[in-house]
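In: Give me the fold of what follows.
(2 chains)
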Amino acid sequence: MSPKQKKILYRIIAAGIIYAGLLIFSHTSGFYEENIEGKIYEPLVFLVPFLLAGYDIVFKAVKNICHGQVFDENFLMLIASIGAYGIKEYSEAVAVILFYQVGELFQSYAVGKSRKSIADLMDICPEYANVETEDGTVEKTDPEDVETGSTIIIKPGERVPIDCVILSGESYLDTSALTGEAVPRRAAEGDEIYSGSINGSGLLKCRTTKAYEDSTVSKILEMVENASSRKSKHENFIHRFAKYYTPAVTIAAVILAVVPSLITGEWAEWIKRACTFLVISCPCALVISVPMGFFSGIGAASSIGVLVKGSNHLEAVADVKTVCFDKTGTLTKGEFKVNGIYPENISDEDLLALAGAAEKNSTHPVARAVCLAAEANMSKSEDKYQVIDTREIAGQGVVALRIPLADAQAKTGTEADILKNDAREGQEEILAGNEKLMQAYDISYKKVKDPGTVVYIAKNRRFMGSILISDSIKPESVDALVGLKAAGVEKCVLLTGDRKDQAEAVCDKIHENAVSKHPSFSGRAIDEVAAELYPQDKVLAVERLMGELTGRGKLAFAGDGINDSPVLTRADIGIAMGSLGSDAAIEAADVVIMDDNPAKIAAVMKIAGKTVRIVKENIVFALGIKLLVLILGAVGLASMWAAVFADVGVAVLAILNSMRALKVEKRIENA
Amino acid sequence: MKKKFKLQDLDCANCAAKMEDAIKKIDGVNDASVSFMAQKMTVDADDARFEEIMEEIVKVCKKVEPDCVIER
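Out: Down below sits the predicted model:
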């Protein structure tokens, strides 16, 4: 509790005790009823707790009136209590002020508390950087003052203050504050590391690559802070509503006080009813609870490593009916790997070794994938051969010659000497390439139909088998699609620049996995495929799909953000994935997923849905209660106490309800 | 020029909204937002007259919410 809040609390307690004492005294002694003089003292006596509890209200009201702020809540409360005084409801007047202050205090406490817990969630701000100066000493410096290119030391357990490159040392970094990913990342010399992650057990010496304000952490903080300034439709509605609500209720109060009184002559009764109106006239419950709900939702999303750039986007995410995916890097890992080995009369290892030997000197991505697999294998079976010649045939593959290692070592001459002797014993010719290569050398091969790139391998003109290299589907993709369908998405579309058969194969595979992993899943995982698209075709496809949406349905596009900026911008919601450190993606997208887990799209949809539901509950609840109390007040059934509850009590309840949006189900986190 | 300021003792959400509206009406202010949740104010105003405009903003804020202090 802040000092300011404490002060108010003491005042409330003191005023409350005096008030209670006065009530007991007046009821037991019968002082007021019998003593005519007492009647005169009564308003004065009650003025003591009244002013003790509410002097600041009086003060502020007078000040604001001078500034021309007529419909100020303090002023309205003051009028209400003066009204109560005027009709000789002294104890009621004190009670209203007292209760109002209690409510305000509770409200300010709740807001402060929740603001803090949201802020804690986003507590990724580094406090200092250990800068190494020229003479070798280390100084603690404010990150904002560190120049680009400085050398900084990051000790175990410290937060990386600025984006930098590791000069020496290695460690595991906890990036969970940025990505929501619990598994630490290994980082060593030469790796780029991002501010906001926490260093594990190693001491790192790094060179900063950016200034603090351009670093990941300040970009994220800025985005989250600005998120609440991009207002959602609900917020705009409340904002406009609040402007008219207070004057409208106040005018209604005046009419209620004057018109029936002129007819019936019962001034006291109608003024009392009008006072209840004034008490309810502050729209604070609404004005606080709606943005707070969205703020909590955005906080919850950032706790799982998803940044939502504005309340309006979070609101739109809840209405997503169509989700378009890019294939490579979004649903698939975007890295080529050996995914199938089909040997003929030879072991898997030997086939890989053959292919690895042939592709050793090639830089083609497919060749690199083969070599990686072969190298991983090599530790098991030692390399018994030496490659003496490789020749690349463009568009087909490679032809390589190798000889047993023992021979190579026995031979003392240079490689050139070895080459001269073609007819050596034990020399093997290896062919590794596509179907065209096999055809060119007239080798009968067994065709592989699986999607991906196939490398056919022959040794001494005999077909030895084939290796399938393909991009693998992310295991999370399956959960993502099943989760999205469960979250109310009607259509999932794959948009890719890749070949049609490849794209369809990926869809089939995902569907197969979805059905086997989630037996209760029915329907297609991916409803539509559009392949062989250039970036501008993707925009057209997205526009067509947006045209097909009905009602308030929205379309989201999820891509890796590298070459998808036009689509990310065009779609109702652009979701960039794997964006840690990528400024372009952060710029173009509305929702940024820091790691590359597509299942988080479903997770953020759940958060968005929950947030919007809570916000709607708050609006309906707050408006409903206020309206009810207004009606009851007008017919004389609601006391001023009820009115105070309708004002501050509802606000507190709405705030507490908003806080629910902050909770992320653990299940989502692991999805 | 865009600048951010911390706000102290901004206690009422409705006041934040009123402050935002009032600041936006000041001559020379291109855009402004007052975030009740973040307790921060972002002002986008003319470079040349920024200080002058800030004085105006402080005055306007004092009118709406006397308790609130803009940290500069």
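In: Around chain A, which positions in chain B sit nearby?
Out: B:9, B:11-14, B:17-18, B:33, B:35-40, B:42, B:63-64, B:66 (CB under 8 Å from any CB of the partner chain). Every C-beta, even on glycine, is put in place using the N, C-alpha and C of the backbone.
In: And A:Glu127, how close does it get to chain B?
Out: Using CB to the nearest CB, to the nearest Å, A:Glu127 is found at 16 Å from chain B.
In: Please pick the buried ones from the residues of chain B next to chain A.
Out: Burial by neighbour count, judged by 16 or more other CB atoms under 10 Å in any protein chain shown, picks out B:11-14, B:17-18, B:33, B:35-40, B:42, B:63-64 from the residues of chain B next to chain A.
In: Among the residues you listed, which are located in helices?
Out: B:13-14, B:17-18, B:63-64 (DSSP state H).
In: Am I right that A:Glu375 falls within a helix?
Out: Yes. Counting by DSSP: H, G, I helix; E, B strand; the rest coil, A:Glu375 is part of a helix.
In: So which bits of the host helix or strand of A:Val542 are buried?
Out: Using DSSP states H and E, A:Val542 sits in helix A:535-548. By neighbour count with 16+ other CB under 10 Å, helix A:535-548 contains the buried residues A:538-539, A:541-542, A:545-546.
In: nearest to A:Thr175, of those residues?
Out: Within those, proximity to A:Thr175 (CB to CB) peaks at A:Lys538, which comes in at 30.0 Å.
In: residue in the stretch 351-500 of chain A nearest to chain B?
Out: Nearest residue of the stretch 351-500 of chain A to chain B: A:Ala487, at 26.0 Å (CB to the nearest CB).
In: so what's that residue closest to, chain neighbours aside?
Out: A:Met605 (4.4 Å; CB to CB, 6 or more residues apart in numbering or on different chains).
In: Assess the claim that the one you found and A:Lys321 are in contact.
Out: No. Counting by CB atoms under 8 Å, A:Met605 stays clear of A:Lys321, with 10.7 Å between them.
In: Compare these two and say which is more crowded by neighbours.
Out: A count of neighbours by other CB atoms under 10 Å in any protein chain shown puts A:Met605 above the other of A:Met605 and A:Lys321, at 24 against 19.
In: Contact partners for the more buried one?
Out: Going by CB atoms under 8 Å, 6 or more residues apart in numbering or on different chains, A:Met605 touches A:317-318, A:320, A:483-484, A:487-489.
In: For the residue of chain B positioned farthest from its centre, grab phi and psi.
Out: What lies farthest from the middle of chain B is B:Ala48; by CA atoms, centre = their mean that is 17.8 Å. Torsion angles at B:Ala48 (phi, psi; degrees, to the nearest 10) stand at phi -60, psi -40.
In: do A:Pro283 as well
Out: Residue torsions, per degrees, to the nearest 10, at A:Pro283 are phi -90, psi 20.
In: Quick one: neighbours of it, just the number.
Out: 27.
In: so how far is chain B from it?
Out: 6 Å.
In: ok, now A:Ala602?
Out: For A:Ala602 relative to chain B (CB to the nearest CB), the value is 26 Å.
In: element containing that residue, please.
Out: helix A:599-634.
In: Which is the succeeding secondary structure element to that helix?
Out: Immediately after helix A:599-634, counting by DSSP H and E, sits helix A:640-644.
In: Okay, and the beta partners of the residue nearest the centre of chain A?
Out: For chain A, the residue nearest the mean C-alpha position is A:Val306 (2.4 Å; CA atoms, centre = their mean). Judged by DSSP bridges, the bridge partners of A:Val306 are A:Ile593.
In: ok, it - contacts?
Out: A:180, A:591-594, A:600, A:603-604, A:607.
In: Using a markdown table, lay out the residues you listed together with distance to A:Val387 and neighbour count.
Out: Shown next, in a markdown table, are those (distance: CB to CB, whole Å; neighbours: other CB atoms under 10 Å in any protein chain shown):
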| residue | distance to A:Val387 | neighbour count |
| --- | --- | --- |
| A:Gly180 | 46 | 21 |
| A:Val591 | 49 | 27 |
| A:Val592 | 46 | 28 |
| A:Ile593 | 43 | 31 |
| A:Met594 | 43 | 29 |
| A:Lys600 | 45 | 30 |
| A:Ala603 | 49 | 28 |
| A:Val604 | 50 | 29 |
| A:Ile607 | 55 | 29 |
